[in-house]
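>>> All I have is the shape, not the residue letters:
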């Protein structure tokens, strides 16, 4: 059962206009959950990309390989959904992996319009190494947490992900920012 949101602590922000009493006060950038998630992901990329550079891979391509290792075969659309990346990004990644002979793409038997992706034998070897690195990083990342804390964290992160899905990209605030930036460029 979701708990009630904690009241936000008001932060002193110099040179900011007065706010309405009902308007929430945002934490500083460094204390925002979105920025903390960014920092974790940036550090993760720094760590793993050092390892992947030698194999001409990156974090995205390694995750695709590990997904295929776990599931054996996936449709391209399933990879797009799982990775939460644009179709064009996934297609580019798959082209690179196919050139390296790590994956094979083929039309599915059930629907000739759909393309599925599988690991090659060499791709499976590389995917196993990617998974090993991923598990080492995961274990280091989670060593300080109890299983209950990890379960709670996973639940909270899923809730955040779902909340982001509720944001409409055409939100009036987005248009105001776009118009403001566009207007400033023209001036």
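Yep, that arrived. Model, not experiment: these values are computed from the prediction.
>>> list the contacts for residue 69?
Residues in contact with residue 69, defined by Cβ atoms under 8 Å, 6 or more residues apart in numbering, are 119, 124, 127-128, 130-131. Where you see a C-beta, it was placed from the backbone N, CA and C, and this is true even at glycine.
>>> how about a cut-off of 7 Å?
119, 124, 127-128, 131 (Cβ atoms under 7 Å, 6 or more residues apart in numbering).
>>> average pLDDT for stretch 33-42?
For stretch 33-42, the mean per-residue pLDDT is 92.
>>> which residues sit against that stretch?
Taking Cβ under 7 Å, 6+ apart as the rule, stretch 33-42 contacts residue 29.
>>> distance between the helix or strand encompassing residue 67 and the chain's centre?
Element membership for residue 67 (DSSP states H and E) is helix 59-71. Relative to its chain's centre, helix 59-71 lies at 13 Å (Cα atoms, centre = their mean, to the nearest Å).
>>> Flag every buried residue along the helix or strand following it.
Downstream of helix 59-71, the first helix or strand assigned by DSSP H and E is strand 73-75. Buried positions in strand 73-75, judged by neighbour count with 16 or more other Cβ atoms under 10 Å: residue 74.
>>> Report all helices and strands that strand 73-75 contacts.
Judged by 3 or more Cβ pairs under 7 Å, 6 or more residues apart in numbering; DSSP states H and E, the packing partners of strand 73-75 are strand 115-119.
>>> Could you rerun that using 10 Å?
helix 59-71, helix 76-83, strand 115-119 (3 or more Cβ pairs under 10 Å, 6 or more residues apart in numbering; DSSP states H and E).
>>> picking that back up, return the members of the contacts of residue 69 classed as buried.
For these, buried by 16+ other Cβ under 10 Å: 119, 124, 127.
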